[in-house]
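S.K.: Need a 3D model of the following:
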Amino acid sequence: MTPVRRVEGGAYPWGAKNVDTDVIIPAHWLKTISRAGLGKGAFETVRAQPGNIFDDERYAGSPILIAGDNFGCGSSREHAAWALKDLGITAIIAPSYSDIFSGNAVKNGIVPVVLPQDAIDRLIEVAKTDEVTVDLETMTVTTPFQDRFEFTLDAFRRTCLIEGLDEVGLTLARDTAISKYESAVAVERPWLRVSTQV
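M.R.: Numbering: from 1, shown residues only. Predicted coordinates for the structure are as follows:
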């Protein structure tokens, strides 16, 4: 996973509430175990509407999505986070998230920022013309107009994002301790050793 310390750039000023994972990535896209290419299916039903925000040239390639309450509700499909990441989104700013979606977002290198509705309203206005910055080091969202909104994030999740650690990365970071433990167990309990001979 790529470390995330700062996300700066355009933002989709969407603000929609109760966006479920089926809206983020419809079920017929779930036939794959690959993360690549899911961005094409992201917000498919929304993109089918003329003049939608996701196909607006002003916001193309934006790394930030500004959404409403209860973002990512619905099923627990990790494909939703994969689709957002493949679309190029690295940070989402919303008043609240589904717990499962929030966890999946962090595990896939997406920063789930929680801000109150008045901050969301202000950021939506700014994003229509200017860039937004999400900074994990200072735990702030800022704009070129001196707006500064502080947010909190679980310390463990913040560390994982800043250091680029998913479950595999966390396990590999403990490789020395794991190997030491396995060697000690092999000596103390040799009967547990699994034979590799046929």
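S.K.: Output the least confident helix or strand in the chain by mean pLDDT in CSV with nothing but the alpha carbons.
M.R.: Between all helices and strands in the chain, the lowest mean by mean pLDDT, DSSP states H and E belongs to helix 167-173, at a mean of 79. C-alpha atoms of helix 167-173 as CSV (Å, rounded to 0.1, in the frame of the first residue of the first chain):
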residue,chain,number,x,y,z
GLU,A,167,-2.6,-6.4,7.0
VAL,A,168,0.1,-8.0,4.9
GLY,A,169,2.4,-5.1,5.6
LEU,A,170,1.7,-5.2,9.3
THR,A,171,2.5,-8.9,9.4
LEU,A,172,5.7,-8.5,7.4
ALA,A,173,6.8,-5.7,9.7
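S.K.: Which helix or strand lies directly C-terminal to it?
M.R.: The helix or strand immediately downstream of helix 167-173 is helix 175-188, counting by DSSP states H and E.
S.K.: elements contacting that next one?
M.R.: Judged by 3 or more Cβ pairs under 8 Å, 6 or more residues apart in numbering; DSSP states H and E, helix 175-188 has no packing partners among the helices and strands. (Glycine included, C-beta is placed from N, CA and C.)
S.K.: roughly how far out does it sit from the chain middle?
M.R.: 35 Å (Cα atoms, centre = their mean, to the nearest Å).
S.K.: And for it, what's in contact with it?
M.R.: Identification of contacts with helix 175-188 by Cβ atoms under 8 Å, 6 or more residues apart in numbering yields Thr171, Leu192, Arg193.
S.K.: how about those in a markdown table, adding distance to Ala186 and neighbour count?
M.R.: Converted to a markdown table, these look like this (distance: Cβ to Cβ, whole Å; neighbours: other Cβ atoms under 10 Å):
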| residue | distance to Ala186 | neighbour count |
| --- | --- | --- |
| Thr171 | 19 | 11 |
| Leu192 | 8 | 8 |
| Arg193 | 6 | 10 |
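S.K.: Pipe these into CSV and attach distance to Asn52 per row.
M.R.: Formatted as CSV, those follow (distance: Cβ to Cβ, whole Å):
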residue, distance to Asn52
Thr171, 40
Leu192, 58
Arg193, 60
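S.K.: residues near Leu161, how many?
M.R.: Counted by other Cβ atoms under 10 Å, the residues lying close to Leu161 total 25.
S.K.: Check for me that it belongs to a strand.
M.R.: No: applying DSSP: H, G, I helix; E, B strand; the rest coil, one finds Leu161 to be helix, outside a strand.
S.K.: I figured it was touching Val113, is that so?
M.R.: No: using Cβ atoms under 8 Å, Leu161 and Val113 do not qualify as a contacting pair, with a distance of 11.1 Å.
S.K.: Can you check which residues contact both of those two?
M.R.: In contact with both Leu161 and Val113: Leu153, using Cβ under 8 Å, 6+ apart.
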